[in-house]
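Enquirer: Build me a model from this:
(2 chains)
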Amino acid sequence: MPPNSDATMDAAPKIQLIGASRDFEARGRRVQALQPVDLSIQPAEFVALVGPSGCGKSTILNMVAGLLGPTLGRVTYDGASVTGLNRRVGYMTQKDTLLPWRTVEANIRIALELKCRPTSRTDATAKVAQMIELVGLKGFEHHYPNELSGGMRKRVALARTLIYEPETLLMDEPFAALDAQLRLVMLDQLQFLTRLRKMTVLFVTHDLGEAITLADRVVVMSARPGRIRTIRNVPIERPLDVFKARFSAAFGRLHEELWDELKDEVTKGTDL
Amino acid sequence: MSDLALTPGVKDMFVERGRLFFGGTLGRVSARIGILAVLLAAWQYLPGPGMRFWASDPLSIVSALVGWIVDGTLWRQLLATLTVMSTSYALGCAIGVSVGLAFGLLPRLDKVMSPFIFAAYALPKIALAPLLIILFGIGVVSKIVLVTLVVFFLVFSSTIDGIRDTDPDLVRALRLMGASRFELIRKVLIPAALPWIFTSMRIAVRYAFSNTLLAELIASNSGIGYLIAYHSGIYDAAGTYAAVLILVILSVALTEVLTRVEKAMSRWRA
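Expert: Below you'll find the predicted structure:
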């Protein structure tokens, strides 16, 4: 796979959902988790999905990754329908799928050990060291996942995904388990890396601030059954300073606007 | 409540003294020796002449044991038992892991074969001992076949279970990274099954031990089990007890070795 070309404003979307919906079968009852959704994501675009629990955010990621097929409609990647696992995406799921028998270092290295990504041992070691530094796990290289806190495991999962520089990143609340300060540091690193490598990112979060800080566009989803309520461009100059962004006027306005949209949905969700 | 509160110093003194004696290694060991000495003395001197015939007595047992050490019987029979046990264990583990991996990694093979496997697994293997003696004779071979079967089924079924139990999310994560089928097997399925395999191998040691003895007890011409069966057959109580005593020492040693090996191997599962 060639890395993303410089033509950021390529007319052809990287990811496209065309009337894609998804039903689930639960105890013999059909439940619609996601109403038909239309969404196009351009190459190198950073799109955040926000919305209450159970609004189908994770379902969208799963469909783009090819873990789930749409019940109706189509999901395309680079213009072709996604059938089976989409190996061009790096997917950081809510659950950190670290291998419990590998140390932090070995977990992060695993993608570089695969045949499809030939990497020399010295290169791999250097990259792993760099990633460990990046996610702030220096000193924990030889720990096993069960010896780490939830937040540390998330960081290992992040490093493991970023290390092989997938052209597209799918992230499902990657920073939910982190404390506020560390979260800002990670947001900063993520912003830097994804823009440097021109990655396309689809990022699910509960946190509106996180969404506005990172994303070019924010998609607000509504409660069950999930659908898109509104999509907003983020008119803030990039790259921004994640540590200060929250205090700018533009940020405040957009946050307020989006929160008005989200508020109804969140309260709707509570009577479930 | 109130007198406890009034006399904490006195109470602490007793507790402290008790802990010093029974809590210390020296105190514990001497207590044990004391209990053992009382029991042995009772065994030696209490039974009347009539009872002595079955109960034997510690001195006769020790002299039987010393006799075996001197004439080499002990080493010969111990070696026979340990040979059967370790050969069968190694064979059973090797075949169990490899066939188990094949079945676990080829679900179609597993589906076709599972009724047969289940029937064979459910059968208590010791029931095959008479049949195996007809087929392979009273010597070592029939025992090795039997114990190998026992170990095989244990390790085999755990290996399959271990592979089946692999978290599908781990497999999915690696596949999304682009892992080939072979890489999935090597990097996820086999490591995930390893704790299961090791657990079954640990349990299999005990099974190999007890089934070797059972097989020797049923019909044989060598081994500690044979020693027990032979001496009880000729109503030699001292010899029977002596052989059982060897067994006790052997099992304690085995357990000790196993515990140490496990401790050394189980860091990431802690």
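Enquirer: where does chain A have low pLDDT?
Expert: Of all residues in chain A, those with pLDDT under 70 make up the ranges A:1-11, A:239, A:268-272.
Enquirer: Show me where the stretch 151-272 of chain A has its strands.
Expert: A:168-172, A:200-205, A:217-222, A:227-233 (DSSP state E, counting those that start in this stretch).
Enquirer: Quick check: buried residues in the longest one?
Expert: Along strand A:227-233, these residues count as buried under the neighbour rule (16 or more other Cβ atoms under 10 Å in any protein chain shown): A:227-229, A:232. (Glycine included, C-beta is placed from N, CA and C.)
Enquirer: any idea how the chain splits into domains?
Expert: As the question left the chain open, I've gone with chain A. A:6-88+A:167-176+A:197-272, A:96-166 (automatic domain parsing).
Enquirer: ah, I was thinking of chain B
Expert: Split by automatic domain parsing, chain B gives B:2-46, B:62-265.
Enquirer: Using CSV, write down the CA coordinates of stretch B:63-72.
Expert: Output of stretch B:63-72 as CSV, limited to C-alpha atoms (Å, rounded to 0.1, in the frame of the first residue of the first chain):
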residue,chain,number,x,y,z
SER,B,63,14.4,-53.6,58.4
ALA,B,64,12.5,-54.7,55.3
LEU,B,65,13.3,-51.4,53.7
VAL,B,66,17.0,-51.7,54.6
GLY,B,67,17.1,-55.1,53.2
TRP,B,68,15.8,-53.8,49.8
ILE,B,69,18.3,-51.0,49.8
VAL,B,70,21.1,-53.5,50.5
ASP,B,71,20.1,-56.1,47.9
GLY,B,72,19.2,-53.5,45.2
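Enquirer: Please identify the buried residues of stretch B:180-196?
Expert: B:183-185, B:187-196.
Enquirer: List just the nearest of these to chain A.
Expert: Nearest to chain A, judged by Cβ to the nearest Cβ, of the buried residues of stretch B:180-196 is residue B:191 at 4.8 Å.
Enquirer: And for the closest one, nearest residue in space, chain neighbours not counted?
Expert: residue A:101 (4.8 Å; Cβ to Cβ, 6 or more residues apart in numbering or on different chains).
Enquirer: Distance of the residue lying closest to residue A:210 once chain neighbours are set aside relative to chain B?
Expert: Spatial nearest neighbour of residue A:210, excluding adjacent residues (Cβ to Cβ, 6+ apart): residue A:187 at 6.5 Å. When distance is defined by Cβ to the nearest Cβ, to the nearest Å, residue A:187 is 23 Å away from chain B.
Enquirer: Show me where the stretch 1-150 of chain A has its helices.
Expert: Secondary structure of the stretch 1-150 of chain A (DSSP state H, counting those that start in this stretch): helices at A:57-65, A:104-109, A:121-134, A:150-162.
Enquirer: Can you say which of these is nearest to residue B:129?
Expert: helix A:104-109 (46.6 Å; Cβ to Cβ).
Enquirer: Mind checking which of the buried residues of stretch B:180-196 land in helices?
Expert: The members of the buried residues of stretch B:180-196 that map onto helices under DSSP state H are B:183-184, B:190-196.
Enquirer: Just the C-alpha atoms of the helix of greatest length in chain A, please, in CSV.
Expert: Taking DSSP H as the criterion, chain A has its longest helix at helix A:249-270. Only the C-alpha atoms of helix A:249-270 are listed here, as CSV (Å, rounded to 0.1, in the frame of the first residue of the first chain):
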residue,chain,number,x,y,z
ALA,A,249,-13.4,32.0,21.4
ALA,A,250,-14.0,29.9,18.3
PHE,A,251,-13.6,26.7,20.3
GLY,A,252,-16.1,28.0,22.9
ARG,A,253,-18.7,28.9,20.3
LEU,A,254,-18.5,25.6,18.5
HIS,A,255,-18.5,23.7,21.7
GLU,A,256,-21.7,25.5,22.8
GLU,A,257,-23.4,24.9,19.4
LEU,A,258,-22.6,21.2,19.3
TRP,A,259,-23.5,20.8,22.9
ASP,A,260,-27.0,22.1,22.1
GLU,A,261,-27.3,19.4,19.5
LEU,A,262,-25.9,16.7,21.8
LYS,A,263,-27.7,17.7,24.9
ASP,A,264,-31.2,16.5,23.7
GLU,A,265,-29.7,13.2,22.7
VAL,A,266,-27.9,12.6,25.9
THR,A,267,-31.0,13.3,28.0
LYS,A,268,-33.0,11.1,25.7
GLY,A,269,-30.6,8.3,26.3
THR,A,270,-31.0,8.4,30.0
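Enquirer: I'd like the strands of the stretch 151-272 of chain A written out as JSON lines, with distance to chain B added.
Expert: JSON lines is the format used below for these (distance: least, Cβ to the nearest Cβ, whole Å):
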{"stretch": "strand A:168-172", "distance to chain B": "9"}
{"stretch": "strand A:200-205", "distance to chain B": "14"}
{"stretch": "strand A:217-222", "distance to chain B": "23"}
{"stretch": "strand A:227-233", "distance to chain B": "25"}
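Enquirer: interface residues of the stretch 1-150 of chain A facing chain B?
Expert: A:65, A:67, A:85-87, A:89-91, A:93, A:95, A:97, A:99-102, A:110-111, A:113-117, A:144, A:146 (Cβ under 8 Å from any Cβ of the partner chain).
Enquirer: From these, keep the buried residues only.
Expert: Members of those classed as buried by 16+ other Cβ under 10 Å are A:65, A:67, A:86-87, A:89-91, A:93, A:97, A:99, A:101-102, A:110-111, A:113-114, A:144.
Enquirer: rewinding a little: in this structure the residue nearest to residue B:191 contacts residue B:189, no?
Expert: No: counting by Cβ atoms under 8 Å, residue A:101 stays clear of residue B:189, with 11.9 Å between them.
Enquirer: what's the helix or strand for the most centrally placed residue in chain B?
Expert: Closest to where the C-alpha atoms of chain B average out (Cα atoms, centre = their mean) is residue B:206, at 1.9 Å. Here residue B:206 sits within helix B:190-218, counting by DSSP states H and E.
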